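K.L.:
Dropping a prediction and its sequence here:
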Amino acid sequence: MGRRVSGVLAFAVLVLIAIATAWEQQPHGYRDVATPAGEFSAERALATIREIASRPHPVGTAEHDRVRDHLVGRLRELGLDTDVRYGVGRYPVDPHRAVAVLGQAGNIVARWPGRAATGTIYLVAHYDSVPPGPGANDDGAGVATVLETVRALRASGLRPRNDLVVLLTDAEEVGLLGAEAFASSGGADPRGGVVINHEARGAGGPPMLWRLSHPDAGLISVVTGVPHPNTDSLSTTLGGDQTGSNTDFAALDPHGFRVLDWAFAGRNAYYHNPFDDPDHVDLATVQQFGDNTTAAAREFAARDLRAVADQPDRAYFPLPFGALVVLPLWMVIVAAMASVLLVAWVVWRIRRTEEATIGRTLGAAATALLAVPIGMGVVYGLWTAITAIRPEYRALFVDPYRPQFYGAAVMMACLAVLAAWYALSRRLFGPSATAVGVVCAVTAIGAVVTALSPAAGVMVVIPALAAVAGVVLTFTVPDRLRLPVLTLFLVPAAVFAGGTAYAALQTGIAAAAYLTAPVVLVLGGLFTLTLTHAWPSRRGVLVPVAAVVLTVALAAAGTMVDRFDARHPLMSQLSYALDANSREAQWISTAAPDRWTRKFVESGSPHGAFAQLWTDAAAVGAAPAHDLSGPAAEILSDRTEADLRTVRLRLRSTRGATSVALRYSGQVRSLTVAGRDITPVPAEGVRFYAPPAPGVEVELTAPAGPLTLRAVDYSWLPDAHLADAPADIYYRQDSAVAVFTTIRL
Ligand SMILES: [Zn+2]
């Protein structure tokens, strides 16, 4: 076999290993209803999803209360001591926001007492949905996974050492209110409280452990024992910085719970969508979810939970077939230093044999480093160009319905940049300098990331160390073994690339520039080591040209294949706002007008009170004044003492709206809502979800003098039938009918 053919073959083998790793990570198959009672069955879980997620069930609706009561009944049937614990929750993220978000939440708490508890293990999922969709995945799949797990564990005869609590949280979608109410009213079990949280940001793909409490060694040691430990310490390090990406983690972790935050994010066009229904649940995904939770719950049920928080952070990465390798952080640092020393030796060695000068090698390394941001920019530009051709995409939460061609175009764009760099570097610096240069570049990236965070660095350091070790070995083995040895030592790069690049792409094409592109460019860059004697030196430039043509063709195919229709509706945002005092009404959208909302709004901003209440409006239009009654604010007391005026009032919707708000401008010094003291005092007001029928009590203190307040209530726009959308349009969750009254005191 010629050197050219064998080099291309070695490259192809690495690509195939990457693809096989990505495939292996995806969920395959599920257990049906005939599965023995002691095991988790996704098909049994689906029955629960059908019971609770056939219709939307957001907070404050009758369907929400039906789902709650149904779940309480199911948990009692399982033999658990179950009740609904009510409390007032507050959105825990960003306490300085202008309008605080609170609400009445009814968390379902079901207890399974342990034999000799060292703490409590909480199985958590939220049972509310957004208004536009039935929430079969988000978070019906999580709730059903928890119920089926507990059923299987009880049927298997488990007698847990620790207390096990099923916590189905309420009002997650409107601001993690249930979890926050639960955590702030008692906090974690002081002996040790471990949470397995179940979330969805899509309708398929592998459940990933994308965030967890630190220090994490105690938690990770349990994750090593689950069948599908889809996690790595680079992802969880990045996930930990995603404070804006909200799950109940953000409510529970600050209160001392030790949280494992699991979520699946494939097929995410169905996120918060009318077709997030039981027919769009992937049973293989639910099976992985359940198999993991069942295994982790068994292990936590038996452990001494007091020790879970004691050990420091770890670095970890998955291998195919359910393995998770866990390393102490010092080992990553040592590996990074070893790779730097080895690569320095290689540079010295090829200089001595006059294969390449140091200058050429460093030149190749510098261009390889530069290719990473260039590739990220190209992928960013590709998606920007696609959204310019299809502007409807700008309204999407995450991906379009058929993202496959776009995903392939992203991968091809990365390969085009890689091939262009490789062709250029070979021409400028020669093949040997290019090969060693790319190893230098990846080693340098690994060392820098490790210096910032060893846990994150492990995902680069391990493949870099293996690659440089392979290069070192090529100097010692006979010529015919050089390529096989090198290819073998590039397998870690292929496994890591396959395990992370596709999973990252699944979470959303819009983020591919930041997540997928660097993985493909850095780890895929190492694959080029096999091409040293295989690259067509004269016509090499044709490879990147072909890749560019393919990228454009794939992107074009995507725009043709992906169309919106009644089964694949496009999202719109529109609100109807009525001033109950003046009877003036406006259509308001926080998004640019689209082909549907254009009938109601045009670009511009509202005026007067409308402008104060909708600071993020992007489009506005005149609307007819419908016969809707405004919210009531009954003044309970009003007194002025020592330059401070304290007003106590009861705020109530007179039309059964699902949330009410009190807005003010000026210096409010203190604010109490439904018995909760709100500090720091929000600058503009407070919004309260699921208010009890008699109303919400608010007490505020402001400087003495006149006071202008606005009471607002919000209901779901489609319920009012003021602007019924065509079948291929659905309304975003914040599309509301809002009625407000001005109160001058
Ligand atoms: Zn959710």
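P.N.:
That came in fine, so what should we check first? Note that this is a predicted model, so its numbers are computed, not measured. Residues are numbered from 1 along each chain as shown.

K.L.:
C-alpha from now on. contacts and neighbour counts both.
P.N.:
Will do.

K.L.:
Give the other helices and strands that the helix or strand encompassing residue 671 contacts.
P.N.:
Secondary-structure element containing residue 671, defined by DSSP states H and E: strand 670-673. Other helices and strands packing on strand 670-673, by 3 or more CA pairs under 8 Å, 6 or more residues apart in numbering; DSSP states H and E, are strand 696-703.

K.L.:
who does the strand it packs on pair up with?
P.N.:
Strands flanking strand 696-703 in the sheet, each with its direction: strand 644-652 (antiparallel), strand 670-673 (antiparallel) (DSSP bridges).

K.L.:
Residue 156: which of these is closest?
P.N.:
Distances from residue 156 to each of those were compared using CA to CA; the shortest belongs to strand 670-673, at 46.2 Å.

K.L.:
continuing past that closest one, what's the next helix or strand?
P.N.:
Under the assignment DSSP H and E, the closest C-terminal helix or strand after strand 670-673 is strand 676-677.

K.L.:
now what about that next one, what contacts it?
P.N.:
Strand 676-677 is touched from outside by 88, 670, 671, with contacts defined as CA atoms under 8 Å, 6 or more residues apart in numbering.

K.L.:
10 Å instead, please
P.N.:
Taking contacts as CA atoms under 10 Å, 6 or more residues apart in numbering, the residues outside strand 676-677 that touch it are 88, 89, 90, 102, 670, 671, 697, 698, 699, 700.

K.L.:
quick one: the last one from residue 671, how far?
P.N.:
The one in question is residue 700. If you measure residue 700 against residue 671 using CA to CA, to the nearest Å, the figure is 4 Å.

K.L.:
Can you pick out the residue with more neighbours from those two?
P.N.:
Neighbours were counted for residue 700 and for residue 671 using other CA atoms under 10 Å; residue 671 has more, 23 against 19.

K.L.:
interface residues of the chain facing the ion?
P.N.:
Taking CA under 5 Å from the ion as the criterion, the chain approaches the ion at residues 138, 139.

K.L.:
Could you list the low-pLDDT ranges of the chain?
P.N.:
1, 187, 242-245 (pLDDT under 70).

K.L.:
residues in contact with the residue of it found nearest the ion?
P.N.:
Distances between the chain and the ion by CA to the ion are smallest at residue 138, namely 4.5 Å. For residue 138, the set of contacting residues under the criterion of CA under 10 Å, 6+ apart consists of 53, 125-130, 173, 198-203, 263-264, 270-273, 276-277, 281.

K.L.:
wait, is it part of a helix?
P.N.:
Yes. With DSSP: H, G, I helix; E, B strand; the rest coil as the criterion, residue 138 is located in a helix.

K.L.:
Could you pull out the helices in the stretch 201-350 of the chain for me?
P.N.:
Secondary structure of the stretch 201-350 of the chain by DSSP state H, counting those that start in this stretch: the helices cover 217-223, 233-240, 249-252, 283-302, 329-352.

K.L.:
Looking at those helices, which one is packed in the most?
P.N.:
Scoring the helices of the stretch 201-350 of the chain by mean neighbour count under mean count of other CA atoms under 10 Å gives helix 249-252 as the most buried, with a mean of 25.

K.L.:
what sits up against it?
P.N.:
The contact list for helix 249-252, computed with CA under 10 Å, 6+ apart, reads 89-93, 124, 172, 175-184, 187-188, 195-198, 211-213, 242-244, 255, 257-262.

K.L.:
Mind doing that once more with 7 Å?
P.N.:
Applying CA atoms under 7 Å, 6 or more residues apart in numbering, the set of residues contacting helix 249-252 from outside is 92, 93, 176, 179, 180, 183, 259, 261.

K.L.:
Over to stretch 453-468?
P.N.:
If you take CA under 7 Å, 6+ apart as the criterion, stretch 453-468 is touched by 233-234, 237, 314-315, 329, 332-333, 335-336, 339, 342-343, 439, 442-443, 446, 449-450, 489-490, 492-493.

K.L.:
The longest strand along the chain: partners in the sheet, and parallel or antiparallel?
P.N.:
In the chain, ranked by residue count with DSSP state E as the criterion, the top strand is strand 99-112. When pairs are called by DSSP bridges, strand 99-112 turns out to pair with strand 81-90 (antiparallel), strand 163-169 (antiparallel), strand 685-689 (parallel).

K.L.:
Out of these, flag the one nearest residue 745.
P.N.:
Ranking the strands paired with strand 99-112 by distance to residue 745, with CA to CA as the measure, places strand 685-689 first at 16.4 Å.

K.L.:
Burial check on residue 513, number of neighbours?
P.N.:
Neighbourhood size, residue 513 [other CA under 10 Å]: 23.

K.L.:
what's near enough to touch it?
P.N.:
The contact partners of residue 513, taken as CA under 7 Å, 6+ apart, are 376, 377, 379, 380.

K.L.:
Tell me which residues of the strand or helix carrying residue 183 come out buried.
P.N.:
Using DSSP H and E, the element containing residue 183 is helix 177-186. Judged by neighbour count (16 or more other CA atoms under 10 Å), helix 177-186 contains these buried residues: 177, 178, 179, 180, 181, 182, 183, 184.

K.L.:
Name the residues that touch that helix?
P.N.:
Judged by CA under 7 Å, 6+ apart, the contacts made with helix 177-186 from elsewhere in the structure are 87-92, 102-103, 105-107, 169-172, 248, 251-252, 255.

K.L.:
quick revisit: show me the contacts of residue 513 that map onto helices.
P.N.:
The members of the contacts of residue 513 that map onto helices under DSSP state H are 376, 377, 379, 380.

K.L.:
Quick check: the gap between the residue nearest to the last one when sequence neighbours are not counted and residue 241.
P.N.:
Setting aside the residues directly before and after it, residue 380 is nearest to residue 513 in space (CA to CA, 6 or more residues apart in numbering), at 5.2 Å. Using CA to CA, we find residue 513 at a distance of 18 Å from residue 241.

K.L.:
from what I can see residue 485 touches residue 469, true?
P.N.:
No. With contact defined as CA atoms under 7 Å, residue 485 does not count as touching residue 469 (9.9 Å).

K.L.:
the more surrounded of those two?
P.N.:
Between residue 485 and residue 469, counted using other CA under 10 Å, the more crowded position is residue 469 (20 against 16).

K.L.:
Just want the angle from the helix or strand where that one lies to helix 233-240.
P.N.:
When elements are assigned from DSSP H and E, residue 469 belongs to helix 454-474. Counting by axes from the mean of the first three to the mean of the last three CA atoms, to 10 degrees, helix 454-474 lies at 160 degrees to helix 233-240.
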